[in-house]
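>>> model the structure of this input:
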Amino acid sequence: MQFYSIKSRQHLPISLNEAWAFFSSPNNLQKITPANMNFTVTSDKKDGESMYPGQIITYTLTPLFGIRVKWMTEITHVVDGHYFIDEQRFGPYRLWHHKHSFIATPNGTDMYDEVHYVLPFGFLGTIAHSLFVRKRIEDIFRYRTKVVKELFGE
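Have a look, this model is predicted:
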């Protein structure tokens with residue numbers, strides 16, 4: 001079984017409270033996901049609801065080759081204003097662990113993402129990773145960086 005990880009950092013010219021409010025809301029995920037993924041949150045989307053450990057969020061999306069998949073994540077850890085972790089409970093990965101961290105700086109907020117994941121299908125998953133999966137995940141992070149710059153400036 002091959003473990004993979006991807007890390008990213010982005011500076012946001014907004015306060016920690018603004019960053020936390022935006023990124024901890026599942027309602028904003030669609031705004032920062034490429035349109036060609038047809039990403040839709042299907043779980044209850046209550047505006048203003050605080051994120052909490054045990055929260056289940058469900059989605060549908062088209063990650064590759066036009067194949068529509070269902071994905072369920074659980075928010076497993078939350079330290080308000082600092083970090084939260086989502087883990088896949090059902091979906092396209094064998095394992096998905098994503099930590100979103102936020103650190104206040106003198107001129108805004110630094111946002112960090114750290115994803116650890118394992119693909120299914122053993123050796124075939126390893127080949128798929130080298131051919132297109134890693135690139136697709138990196139493309140999603142690049143897209144998010146671009147959109148976040150457009151939303152909040154830089």
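
>>> show me what the most centrally placed residue in the chain is bridged to.
Among the residues of the chain, the one closest to the centroid is residue 98, at 6.7 Å (CA atoms, centre = their mean). Note on residue 98: beta-bridge partners by DSSP bridges are residue 86, residue 115.

>>> neighbours of residue 68, how many?
10 (other CB atoms under 10 Å). For glycine as for every other residue, the C-beta is placed from the backbone atoms N, C-alpha and C.

>>> again with the one 4 residues further on
For residue 72, the count of nearby residues is 15 (other CB under 10 Å).

>>> so it makes contact with residue 88?
Yes. Residue 72 lies in contact with residue 88 (CB atoms under 8 Å); the separation is 7.1 Å.

>>> related to what we said a few turns ago, from residue 153, how far off is the residue nearest to the centre of the chain?
According to CB to CB, to the nearest Å, residue 98 and residue 153 sit 25 Å apart.

>>> what of residue 33?
Between residue 33 and residue 153 the distance is 20 Å, computed by CB to CB.

>>> pull out the buried residues from stretch 27-46.
In terms of neighbour count (16 or more other CB atoms under 10 Å), stretch 27-46 has its buried residues at 29, 30, 32, 33, 34, 37, 39, 41.

>>> tell me which stretches of the chain form helices.
Taking DSSP state H, the helices of the chain run over residues 16-23, 122-128, 134-152.

>>> using JSON lines, lay out these together with mean neighbour count, mean pLDDT and distance to residue 109.
Listed next are the helices of the chain as JSON lines, based on neighbours: other CB atoms under 10 Å; pLDDT from 0 to 100; distance: least, CB to CB, whole Å:
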{"stretch": "helix 16-23", "mean neighbour count": "18", "mean pLDDT": "96", "distance to residue 109": "4"}
{"stretch": "helix 122-128", "mean neighbour count": "13", "mean pLDDT": "92", "distance to residue 109": "35"}
{"stretch": "helix 134-152", "mean neighbour count": "15", "mean pLDDT": "94", "distance to residue 109": "9"}
